[in-house]
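*Asks:* just the structure for this:
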Amino acid sequence: MTPPSFDQFRTAALARGFDEVLERQWQPGTKLDTHTHDFSVDALVVQGEMWLTVGADTRRLLPGDTFTLDRAVPHAERYGDEGATYWVARRNGG
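*Replies:* The predicted structure is shown next:
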């Protein structure tokens with residue numbers, strides 16, 4: 001299956017009720033300690049690799065992988081030797 005373009009990802013996310021869509025790029029080796037966000041996310045990794053930790057579960061994510069997080073869920077992020085890029089749809093507010 002061919003991955004969507006950013007415009008296709010954005011259009012689909014907005015149609016599903018997300019109100020913000022952007023591209024996030026992370027530098028190689030970046031680590032973010034456990035934190036939360038005031039928005040929920042639905043994301044698609046498009047370059048590099050990352051590890052997402054929620055509770056005791058850590059997932060390695062590569063291009064084509066997706067992840068979701070509800071608002072206020074504690075999580076940590078770590079990015080690979082080449083960094084990572086993902087497209088993220090955010091649903092702000094409660």
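
*Asks:* now do Pro63: how many residues are near it, please.
*Replies:* Neighbours of Pro63 under the rule other CB atoms under 10 Å: 14. The way it works is simple: take the backbone N, C-alpha and C, and place the C-beta from them, glycine included.

*Asks:* does it really touch Glu82, like I thought?
*Replies:* No. The pair Pro63 and Glu82 does not pass the contact test of CB atoms under 8 Å, sitting 10.8 Å apart.

*Asks:* identify the contacts common to the two.
*Replies:* In the contact map built from CB atoms under 8 Å, 6 or more residues apart in numbering, the residues linked to both Pro63 and Glu82 are 47-48.

*Asks:* who does the longest strand along the chain touch, helix- and strand-wise?
*Replies:* The strand of greatest length in the chain, counted in residues with DSSP state E as the criterion, is given as strand 75-92. The elements that strand 75-92 packs onto, with contact taken as 3 or more CB pairs under 8 Å, 6 or more residues apart in numbering; DSSP states H and E, are helix 6-15, strand 20-26, strand 31-35, strand 39-54.

*Asks:* recalculate using a threshold of 10 Å.
*Replies:* helix 6-15, strand 20-26, strand 31-35, strand 39-54, strand 57-61, strand 66-69 (3 or more CB pairs under 10 Å, 6 or more residues apart in numbering; DSSP states H and E).
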